[in-house]
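1. turn this into a model:
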Amino acid sequence: MKFFFSIKAKMVVMITALMAVIFLMIAFLFINEKKDELAMDVFTRVKSFAELTAPDIAEMTDLYLEEEGFVYFNREIQKMFEQDDDVSAIAVVSYSGQMIYDSSQDKDKKHDGGDREIEFVDLNQIKAKNPSIFVDTASVDTVYYLKDGEYVDAEEKSLQAPEKGFKMRYLVQPASDKYSVIYSLNYEHMNKRVTSMINRILATAGFGLLLGILLALYMSTRITNPVRKLAEGATAIAGGNLQYHVDIKSRDELGFLGNAFNQMAVDLEKSMEARVYKERVGREIELARKIQDQIIPKILPKISGLDVATGLIPAEEVGGDVYDFIPLGGGDCLMYLGDVTGHGIPACIVSAIANSLFYSYSGVKDLKTIIKDVNVILKKKTMTNMFMTTCLLKWEATRSVLSYVNAGHEPILCFSNKTGQVMEGDKGGLALGMIADLGEVKEVGVNMQIGDVVVVYSDGIVEAWKDEKETYGMDRFKKAVSVASKLKKGRATASEIRDAILADVSKFTAGFEQRDDQTIIVAKRV
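-> From the prediction side, this is the model:
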């Protein structure tokens, strides 16, 4: 049935419009605040620059400029320009109002055409003991004197501070008992930064709008497609097509309904011929592979303070290793890596159940409570010989702390950028699904410093075989983590560290039979 204005279209329009308004408002406020911030930054830097350089300029004027050492004097002035891009000209003026030096005019030789009087600066500013600035405003041009961090007039009476984001035409800095130095400003460098910032914001806004459209399409499709597929599946089953399966990859109620629907079709097919049975198994394997692909995140979330990378090399078409990242808001993130016993469809089902459970309990703040609750349900819902070793981690961005609970999993490896050492984390506890009560569960916190690296992995890496006698082993693995973390003098990304580790494992095995899934999560503090 076709609708004139479908739910999908409504969601696309509403979400896109909302994101456009939000982006425009944020961009407008951010640009204005940033321009004011940059202008104040220019004022602060030029003020400090003048305070530092003016005495040196006055001293060089007496030592070199008056003694015909113009080349040396001018060269030192040009070096000063390199320290601040916002200063466009420097002039030295005597207290009598005579221009001694002007960098914009005296470029090749000292001025010898007679006395020059300063025209654009009031003589009172030149003689004042306090530095002063000439501010261009929308209403009137004003001279402000700077005294003890306050704005005053020529008589040192307090003035209201210039409007936010003000721009100076020049700054006059007393340099000695004879000279003042005038610093003329050019905001071209600041304007380029503002223009570049606007371009980046526009590009980001465009990307955000596109992302909004894709998100709306994705969300609406996840709602409407499963319903349509279930209706089509019911019609097919009623017509005798017992091989029909609905492909619903959602981890919500619709996903459970789709799985129940598929299981019904599977049960009906049990009485069919062996050939039909094999075809059904083949389709189940493909479906399991797709389910696993859906569970494993294709795009990792952006985590504040962490650079993360992952890798999964299954031993079979459908493996038992699984990992996921669950953003919690505020920059925090829940993540885990699990290793289900065995491979194939049973392992995939257990990993899918565990994945749904971790999502369901992600709102619980305590990791120990999450791991215990997941264990209780897995014990009830899985076979006695099926269990999953798990390392559950939580990143708290505000504290830069990575907490984790180890449920029978391999110990995490922690590389310290400060010491260059690789340490093993906590190894203990029982795997999920083994017994109903895990007993005492230990939560460990890791205070990560900039450049520190944490590696979470499955036993398929340390137990990778080179031949029938020798495995990769923990010592080689720790060495590989250390070497990879130090690549590019410690500036390697998480992806580069992951690639280097897996490459070392692959080099060791040299193509020998892979007997277990190899999964890795690399998290680097940035």
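2. okay, and the beta partners of residue 525?
-> Beta-bridge partners for residue 525, by DSSP bridges, are residue 306.
3. burial count for it?
-> Neighbourhood size, residue 525 [other C-beta atoms under 10 Å]: 19. Every C-beta, even on glycine, is put in place using the N, C-alpha and C of the backbone.
4. correct me, but it touches residue 305?
-> Yes. Contact criterion C-beta atoms under 8 Å: residue 525 and residue 305 qualify, at 6.5 Å.
5. now do the shared contacts for these two.
-> Counting by C-beta atoms under 8 Å, 6 or more residues apart in numbering, the common neighbours of residue 525 and residue 305 are residue 400.
6. how about residue 336, nearest residue that isn't a chain neighbour?
-> Leaving aside its chain neighbours, residue 336 sits nearest to residue 392 (4.6 Å; criterion: C-beta to C-beta, 6 or more residues apart in numbering).
7. do a quick rundown of the helices in the stretch 401-526 of the chain.
-> 459-462, 473-485, 487-490, 494-509 (DSSP state H, counting those that start in this stretch).
8. can you redo these as CSV with distance to residue 154 and mean pLDDT?
-> Below are the helices of the stretch 401-526 of the chain laid out as CSV (distance: least, C-beta to C-beta, whole Å; pLDDT from 0 to 100):
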stretch, distance to residue 154, mean pLDDT
helix 459-462, 75, 94
helix 473-485, 62, 96
helix 487-490, 55, 93
helix 494-509, 60, 96
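9. pick the most deeply packed of these.
-> When the helices of the stretch 401-526 of the chain are scored by mean count of other C-beta atoms under 10 Å, the highest mean neighbour count falls to helix 459-462 (a mean of 22).
10. what helices or strands is it leaning on?
-> When contacts are defined as 3 or more C-beta pairs under 8 Å, 6 or more residues apart in numbering; DSSP states H and E, helix 459-462 packs onto helix 473-485, strand 518-525.
11. is it possible to get a markdown table of these that adds distance to residue 431?
-> Formatted as a markdown table, the helices and strands packed on helix 459-462 follow (distance: least, C-beta to C-beta, whole Å):
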| stretch | distance to residue 431 |
| --- | --- |
| helix 473-485 | 19 |
| strand 518-525 | 15 |
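12. isn't there a strand covering residue 327?
-> Yes. Under DSSP: H, G, I helix; E, B strand; the rest coil, residue 327 falls within a strand.
13. how many neighbouring residues does it have?
-> Residue 327: 16 neighbours (other C-beta under 10 Å).
14. show me what it is bridged to.
-> Counting by DSSP bridges, residue 327 forms beta bridges with residue 333.
15. hmm, residue 304 and it touching each other?
-> No. Checked against C-beta under 8 Å, the pair residue 327 and residue 304 is beyond contact range at 10.0 Å.
16. can you tell me the helix or strand for the residue nearest to residue 336?
-> Element membership for residue 392 (DSSP states H and E) is strand 388-396.
17. same for the helix or strand hosting residue 380, what does it pack against?
-> Following DSSP H and E, one finds residue 380 within helix 367-381. Other helices and strands packing on helix 367-381, by 3+ C-beta pairs under 8 Å, 6+ apart, are helix 344-360, strand 388-396, strand 401-407.
18. circling back: shouldn't the residue nearest to residue 336 be in contact with residue 333?
-> No. Using C-beta under 8 Å, residue 392 is not in contact with residue 333, being 11.9 Å away.
19. give me the number of residues near the residue nearest to residue 95 when sequence neighbours are not counted?
-> Nearest residue to residue 95, sequence neighbours excluded (C-beta to C-beta, 6+ apart): residue 127, at 5.2 Å. Neighbourhood size, residue 127 [other C-beta under 10 Å]: 16.
20. quick one on the thing from earlier: now for the helices and strands packed on helix 459-462, which one comes closest to residue 311?
-> Of all these, strand 518-525 sits nearest to residue 311, with 4.9 Å by C-beta to C-beta.
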